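Engineer: Everything below, folded, please.
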Amino acid sequence: MAEAIVSTILKQLNAITSDKASEAWTLVRGVEEDVKRLERNFEALQYEVEDAEEKQYLDKSLKHWLDRFKEVSYDMEDVLDEWKIAIQEMQSADYGDETSTTSILTRMVRLLFVSCFSFVSQVVKRHEIGTRIKYLNEKLDQIVKDKDKFGLIKREMIKQPKPSESTSFVDVSKLYGRLGVKEDIIEKLLFGTSEEEGSCIPTISIVGMGGLGKTALAQLIYNDHRIQAYFDKIIWVSVSDPFDQIQIAKAILEALDPGSTISLQNNIPLQALLSSIRGNIKEKKFFLVLDDVWVDHGQDWEQLRPTFQFHMLGSRILITTRKESVAKHMESSHVFHLDLLSEEICWIILRQKAFSGRKSISCENLEDIGRKIAKKCKGLPLAAKTLGGLLQDKLRREEWQNVLNSEIWKSGFAKEDIFTPLLLSYYDLPSAVKRCFLYCAILPKGDRIDKDKLVQSWMGQGYLNFDDNLGTELEGEDCFKCLASCSFFQDFEKDNKGDIISCKMHDLVHDFVQFLTKDGFITEEKVGNLILDLSSKKARHLRLEFRGRGDTLSINGADKFRSCVAVSDGFNRITNADLQNFLSQSKHLRLLEFQRFEFFDVDVKEFPRYIGKLIHLRYLGFESCNGIKNLIEAVCELHNLQSLNLRLCYQLQKLPVGIGKLINLRYLSTEGCKNLAYYPKGISNLTALLRLDKIRMRADGIDSDEFSIGNLENLDLLTGNLRVELTGNGIDWNEAKRAKLHNKIHLKRMYICIDSPDIKKEEVVQALNPPSNLHVTPFDYNTWTQVQFIPLVQILQMARNGRRRFRLSSGEKKLYTIKEEREYKNAIKEKTRVALSVQKAALQFIDSGVSGNWENDTDREH
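Structural biologist: Here you go, the predicted model:
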């Protein structure tokens, strides 16, 4: 990762200083030589830090040296970012928002004031930037001097990500070496003895260390045709850590009774969920899989256990866990311990992955070395799969020999060599991809990962360096596919075109990435109030998970954080004062995200104004947050903002008037903001916008402040689907023509809900005159008014039922034939077509859901 930081810094330095007469040099007047020395220092280290990264686990003093270098590099990135922002401010200082009617005298006075203010500001910034460059240079001088004692080797070959068209995802779903234990478990599930049936439901546990394939074995059992035929209901719940009783109960209830709306409610008591489960299992023979159970103290399970006392005879529970104590506390009637695989089986798994698509002659030439590498997998199928991915693009014997003879095998670090195969694959990644992979440490273990959101996070951190309109997203796509091909991602969920939309990360891989980033990332889980002092930490990224009711947020020592992701279970509130205190410290944040929080105070109407001073911020999210009614104008000062996620902020009423200042914004999500009625005209200035999931606009162009259909004119980079709520006193054909839909070559669909009796459905498409590649689907006013009072929760449940029946997820496969699936999809579409026209969020859910395109967090809808 360090070499990626160096590369980024040098690229930024070159971009800023390439024009000797530019504004950049006026901001560092007096320290020009320090800037040049800084560049020389980083160039001197560029090709040696990669060698240091690979040797750091063999030499503690080298690791300490590398940590020092990373700290200076992070600080230097911050300085360069502030330098770049200062240049942008200088370049825009002469441009105001005056109209042609503004008087000459007014403009002259304003220009004089701006010039004086700009001069004072430049002097202050020049001093700050120059002082910090000199300070960091002194540190870097010593680091460069100290590197000579380690004998580092220059590595001038810079690996690039494999292009997306050559990346293949090899099917390794066949489970080798587990057929016998699979049959034994199925026999216990189907033909248990009468002695096992009692007041407690028979429970079977699969126990084994991480990477042995416990989940894969459970999936194979879950999808076996005999299991599907024998049980009335089969239920899969991914438990992980912590053992969340309410979420587990909701997942069980949704599988038992897909039509129930109880599981969709917030803050529902556990007892109500358990009572509903009990009523649903009385006359059903069910099979429940609890995957990846960690908690080994019985009281958490004890509250759930009595619910299953009323089961129908023949019902069973299957558990997968790393801990023998979990099987004991859950009173398992049978425990199956997974053994390590044989060297032969490891070789078969490695060979299948590594030799995919190759000629048999080349495979035979590499088999002897491959078998020796398979020995080093220590019987772990995940290790064999990972090493197979590492060897997939290595064609010569010398390359395979280098893997076999790597010094990493001799390090003997961490968890008895479990991580060693993963480390080899990690070191083989291109430097830019390494950085993207390490950022996954901030993700929660066991959850689905939304690919687009992950790429936006990488963009926000500056890991993707393309400067053109779509190149950054394509680079992010290549990084994702590179990680997927190396088996760092798994359990892919795809849309109807075969494109990946989400995935999972194996628990062992998640442990591995957290091991690599233990000094840089902090994850804190708190129950109730949060009081945290991080002043002694060196971390740059923070994840906070709140559980239980709490009204206090107090964090100290957050001045160097680049990311903060705060997730609540829905019970936590944040006051403006607490948030103001946190934001005033966190001046280097590039990503700030809150999920499922309630923001409250005396007469809360706005979000804290200090947020406008977070000049480095690229990603801002308030997903499923309540209490935010108006997004204040201070947000419009975030000129570097690329992503604004306001999804499911139900109380949000208006966007800021000055939103047009966010000229770098690429993603704006307001899906599910049912009370959001005001979209300002300034959105038309967001010419970098790639994704706009929903917008309300006027068709008559009368209101000069609201967004009009003609304001789509310059938004030519929009991609995917766009949901439009169309209002006004009829349609202005000239205004519709000004939208210039023929220039929207990346836009695929427009769904238009007509919210006015004066706008005729047939006129909309005629006036817009879309090109043949853009599908425009209007829904008329009468359809709207007929169903406007249908509860949203009912529509969401219909969509969810379709998703749950056909979506691939952990432990699930498609349960019906292609014909049945198609018929069910068509039925869902037909029955909910009318409702979709008025339910803003549900429209996207059902259209995407029946084709498999669902985001990872729909399971947690309010």
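Engineer: Local confidence estimate at the residue nearest in space to the middle of the chain?
Structural biologist: Central residue of the chain (CA atoms, centre = their mean): residue 454, 3.5 Å from the mean position. Looking at residue 454, its pLDDT is 97.
Engineer: and residue 233, what does it touch?
Structural biologist: 255-256, 281, 284-287 (CB atoms under 8 Å, 6 or more residues apart in numbering). Just so you know, the C-beta spots here come from the backbone N, C-alpha and C atoms, and that holds for glycine as well.
Engineer: cutoff 10 Å now
Structural biologist: 252, 255-257, 280-281, 284-288, 312, 315 (CB atoms under 10 Å, 6 or more residues apart in numbering).
Engineer: Which single one of those residues is nearest to residue 755?
Structural biologist: Nearest to residue 755 among these, counting by CB to CB, is residue 257 at 34.7 Å.
Engineer: How much space separates the residue lying closest to the closest one once chain neighbours are set aside from residue 561?
Structural biologist: Nearest non-adjacent residue to residue 257, counting by CB to CB, 6 or more residues apart in numbering: residue 280, 5.1 Å away. According to CB to CB, to the nearest Å, residue 280 stands 45 Å off from residue 561.
Engineer: Repeat that for residue 663.
Structural biologist: 26 Å.
Engineer: more crowded one of those two?
Structural biologist: More neighbours surround residue 561 than the other of residue 663 and residue 561, with 24 against 15 (other CB atoms under 10 Å).
Engineer: for the stretch 651-800 of the chain, which spans come out with low pLDDT?
Structural biologist: 781-800 (pLDDT under 70).
Engineer: right, I mislabeled it, should have said the stretch 301-450 of the chain
Structural biologist: Using pLDDT under 70, the flagged stretches of the stretch 301-450 of the chain are 359-362, 407, 410-418.
Engineer: What residues does residue 563 make contact with?
Structural biologist: Applying CB under 10 Å, 6+ apart, the residues near residue 563 are 439, 442, 457, 460-461, 521, 539-543, 586, 589-593, 619.
Engineer: ranking the contacts of residue 233 by neighbours, who comes first?
Structural biologist: residue 252 leads these on contacts (other CB under 10 Å) with 27 neighbours.
Engineer: wait, that one sits on residue 277?
Structural biologist: Yes: taking CB atoms under 10 Å as the definition, residue 252 is a contact partner of residue 277 at 5.7 Å.
Engineer: shared neighbours of the two, anything?
Structural biologist: With CB under 10 Å, 6+ apart, residue 252 and residue 277 have common neighbours 263, 286, 304, 307-308.
Engineer: Can you tell me which of those residues is nearest residue 670?
Structural biologist: Proximity of the shared contacts of residue 252 and residue 277 to residue 670 (CB to CB) peaks at residue 263, which lies at 25.6 Å.
Engineer: mind listing the strands for the stretch 151-300 of the chain?
Structural biologist: Ranges of strands in the stretch 151-300 of the chain, per DSSP state E, counting those that start in this stretch, are 203-207, 233-240, 286-293.
Engineer: want to try JSON lines for these, with mean pLDDT and distance to residue 749 as columns?
Structural biologist: Output for the strands of the stretch 151-300 of the chain, formatted as JSON lines (pLDDT from 0 to 100; distance: least, CB to CB, whole Å):
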{"stretch": "strand 203-207", "mean pLDDT": "93", "distance to residue 749": "44"}
{"stretch": "strand 233-240", "mean pLDDT": "87", "distance to residue 749": "32"}
{"stretch": "strand 286-293", "mean pLDDT": "90", "distance to residue 749": "36"}
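Engineer: Looking at these, spot the one closest to residue 225.
Structural biologist: Between residue 225 and those, the shortest gap by CB to CB is with strand 233-240, which sits at 11.8 Å.
Engineer: who does that closest one pair up with?
Structural biologist: strand 286-293 (parallel) (DSSP bridges).
Engineer: Could you tell me the angle between the partner strand and strand 203-207?
Structural biologist: Interaxial angle of strand 286-293 relative to strand 203-207 (axes from the mean of the first three to the mean of the last three CA atoms, to 10 degrees): 30 degrees.
Engineer: Dump strand 286-293 to CSV, restricted to CA.
Structural biologist: Taking Å, rounded to 0.1, in the frame of the first residue of the first chain, the C-alpha atoms of strand 286-293 are listed here in CSV:
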residue,chain,number,x,y,z
PHE,A,286,-39.0,-26.4,9.4
PHE,A,287,-35.3,-26.5,8.9
LEU,A,288,-33.4,-23.5,10.3
VAL,A,289,-29.7,-22.8,9.5
LEU,A,290,-27.9,-20.4,11.8
ASP,A,291,-24.6,-19.7,10.0
ASP,A,292,-21.5,-18.4,11.7
VAL,A,293,-22.6,-18.3,15.4
